[in-house]
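Asker: For reference, the sequence and a predicted model appear below.
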Amino acid sequence: MISKEALFALSLFPYLGFLWFLSRVKPMPRLALIGFYGTLVFVAVTIPAGIYAQVHYHEALANVDWLHGSAELFLTLSNILIALGFRQAVKARRAG
């Protein structure tokens, strides 16, 4: 049986393929692409935060509010960039 950590690590490969494809799509809004790449920042921040929560507090990351909220901030910022990027693209398409 595959552990959830191994499954999480394996899930990065399809996402990297998704990013590779998106970076080659011509009409892809730049701000949205930055937001999708920002999701990798969220992952990069969440992994050490989870380890810190486990070692320092002997708890899962979800149970250490200040640490969990700080990590989730990066996901929120990524989602905002994605939404703003596609909003810009829709507005530009309607105007042009």
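Answerer: Yep, it's here.

Asker: what's the spacing between the longest helix belonging to the chain and its chain's center?
Answerer: Secondary structure of the chain per DSSP state H: the longest helix is helix 65-95. Helix 65-95 has its C-alpha centroid displaced from the chain centroid by 10 Å (CA atoms, centre = their mean, to the nearest Å).

Asker: got a list of what residue 49 touches?
Answerer: 61, 67, 68, 70, 71 (CB atoms under 8 Å, 6 or more residues apart in numbering). Glycine gets a C-beta too; all of them are placed from N, C-alpha and C.

Asker: rerun that using 7 Å as the cut-off
Answerer: Applying CB atoms under 7 Å, 6 or more residues apart in numbering, we find residue 49 in contact with 61, 67, 71.

Asker: Show me the one in those that has more neighbours than the rest.
Answerer: Tallying neighbours with other CB atoms under 10 Å puts residue 71 at the head of the contacts of residue 49, with 22 neighbours.

Asker: Relative to residue 17, how far out is that residue?
Answerer: 24 Å (CB to CB, to the nearest Å).

Asker: Rounded mean pLDDT for stretch 40-54, please.
Answerer: Averaged over stretch 40-54, pLDDT sits at 90.

Asker: The most centrally placed residue in the chain: which element?
Answerer: When CA atoms, centre = their mean is applied to the chain, the residue found nearest the centroid is residue 39 (1.7 Å). If you go by DSSP states H and E, residue 39 is part of helix 30-52.

Asker: Check the offset of that helix from the chain's centre.
Answerer: Worked out by CA atoms, centre = their mean, helix 30-52 lies 4 Å from the chain centre.

Asker: please renumber so the chain begins at 36
Answerer: Taking 36 as the first residue, the last one we looked at is helix 65-87.

Asker: Report the helix or strand with the lowest average pLDDT across this protein.
Answerer: helix 39-45 (a mean of 77; mean pLDDT, DSSP states H and E).

Asker: circling back: want to throw the contacts of residue 84 into a markdown table with pLDDT?
Answerer: Shown next, in a markdown table, are those (pLDDT from 0 to 100):
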| residue | pLDDT |
| --- | --- |
| 96 | 90 |
| 102 | 94 |
| 106 | 90 |
